Every structure is written in structure tokens, then in C-alpha cells.
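J.: could you work out the structure for the sequence below:
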Amino acid sequence: MKSKHLLLAIALAALALTAAACGGESLPSTDEPVVVTAVDYGFDGLPEKVKVGTTLALENDSMVEVHELVAIRLPDDEERSIDDLVQLPPDELAEFFPGVATVVIAPPGESGIAVEGTGVLSEPGRYAVICAIPTGADPNEYLTAAAEAEGGPPQVDGGPPHLAMGMYGEVTVVE
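T.: Sure, this is the predicted structure:
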């Protein structure tokens with residue numbers, strides 16, 4: 001009976017050492033972009049945590065809507081959840097926009113193109129990830145307006161922004 005307890009103790013110790021050596025969670029490599037898939041209306045494949053230097057790429061699975069991935073670095077002292085932040089009035093939410101790290105736009109059924117930044121998350125911290133394109137916006141009209149907007153948000157007709165439909169998430173960037 002003692003030998004069974006000894007074997008169990010050895011097995012548990014080995015398991016604990018293996019877990020400690022692995023460092024717990026596995027983060028995506030920074031060698032390849034992390035591909036996030038835009039769907040109507042959400043982000044599939046958006047990891048909870050990534051390393052500094054990770055590139056986010058966007059694939060649009062929608063055949064109707066144009067989508068974007070806007071990564072906004074939140075202030076270090078911001079403690080509200082992303083669920084709470086997207087409920088803010090538009091002018092209050094816009095106060096976070098100076099923290100935009102990257103914007104990647106993808107036409108229906110296509111890969112995204114970085115129109116601000118490069119897709120790389122280069123600073124540690126918490127990032128809100130949103131799509132602010134108006135629901136039902138004409139993709140060609142939106143892309144034309146985005147090209148002419150000179151860094152500002154394109155002004156096009158449509159319904160509420162995709163984030164109001166649930167197209168938002170959060171990623172934490174760690175060293």
C-alpha cells in the first residue's frame with residue numbers, strides 16, 4: 001500500500017513540475033499573424049491574450065457587410081469591462097479613439113487591409129477591439145469614403161454601428 005501512495009506522490013510531483021515548466025497558458029507566436037475572422041456581427045478567433053509584437057489580421061466571412069477591426073489601447077487606469085464601454089454614448093466612447101493602435105478593413109468575403117497602423121500591437125495593455133461600421137452600409141461607398149476620410153471616420157449612410165450589434169471584444173497584450 002505504501003508503494004501505491006509513493007507512486008501517486010511521484011506522479012503528482014511530476015505533473016506539477018510539467019505544469020510549472022510550461023508556464024500555464026500558451027500564447028500565440030509573434031512569428032505569424034493572428035487571423036481574426038469577422039462575421040455578422042462578431043469576431044471569431046480573437047484571443048484573450050497575445051504577446052507584444054503580435055500582428056492581428058482580418059478575414060471577412062460576410063458576403064454582405066464590410067467589416068473592420070479597430071484595436072484601441074485603453075488607458076491603464078480604465079477598469080470598466082468592454083461590455084460597459086460599448087454602452088457609452090458615442091461622444092464618450094470617442095474619447096478613447098486617440099488610443100487607436102490599428103484599423104484593418106475587409107470588404108465582404110476578402111482579407112483585410114491595414115488603413116491605420118500595421119495590425120501590430122506594440123504596447124502592453126488592454127485593447128478594445130470593435131467594428132464601428134454602420135449596419136447595412138454599402139461596402140463600395142464605405143471603402144471610397146474611408147479612402148477620402150484622411151484618418152477620420154468615414155461618413156456613410158447605414159444603421160447602428162456593428163459594435164451595437166455585438167461586434168466587439170477585448171485582447172490583453174503582455175510582455
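
J.: quick test: name the residue nearest the centre of this structure.
T.: Val129 (4.2 Å; Cα atoms, centre = their mean).

J.: what about that one, which helix or strand?
T.: Element membership for Val129, per DSSP states H and E: strand 125-130.

J.: return the list of strands paired to that strand, each annotated with direction.
T.: In the sheet, strand 125-130 lines up against strand 67-73 (antiparallel), strand 168-174 (antiparallel) (DSSP bridges).

J.: contacting residues around it?
T.: 36, 43, 46, 56, 69-74, 76, 78, 82, 85-86, 96, 101, 121, 161-163, 167-173 (Cβ atoms under 8 Å, 6 or more residues apart in numbering). C-beta: built from backbone N, CA, C; applies to glycine.

J.: what does stretch 70-85 give?
T.: Contacts of stretch 70-85 (Cβ under 8 Å, 6+ apart): 56, 93, 96-97, 99-103, 117, 121, 123, 125-132, 168-171.

J.: what subset of the residues you listed is buried?
T.: Among these, those classed as buried by 16 or more other Cβ atoms under 10 Å are 56, 93, 96, 99-103, 117, 121, 125-132, 168-171.

J.: residue ranges with poor pLDDT in this protein?
T.: 1-25 (pLDDT under 70).

J.: all strands of it, in order?
T.: 34-39, 42-44, 49-51, 54-60, 67-73, 100-106, 113-116, 120-121, 125-130, 168-174 (DSSP state E).

J.: the last one vs strand 100-106, what angle?
T.: Spelled out, it's strand 168-174. Angle of strand 168-174 versus strand 100-106, following axes from the mean of the first three to the mean of the last three Cα atoms, to 10 degrees, is 130 degrees.

J.: before I go, just wanted to say thanks for your time.
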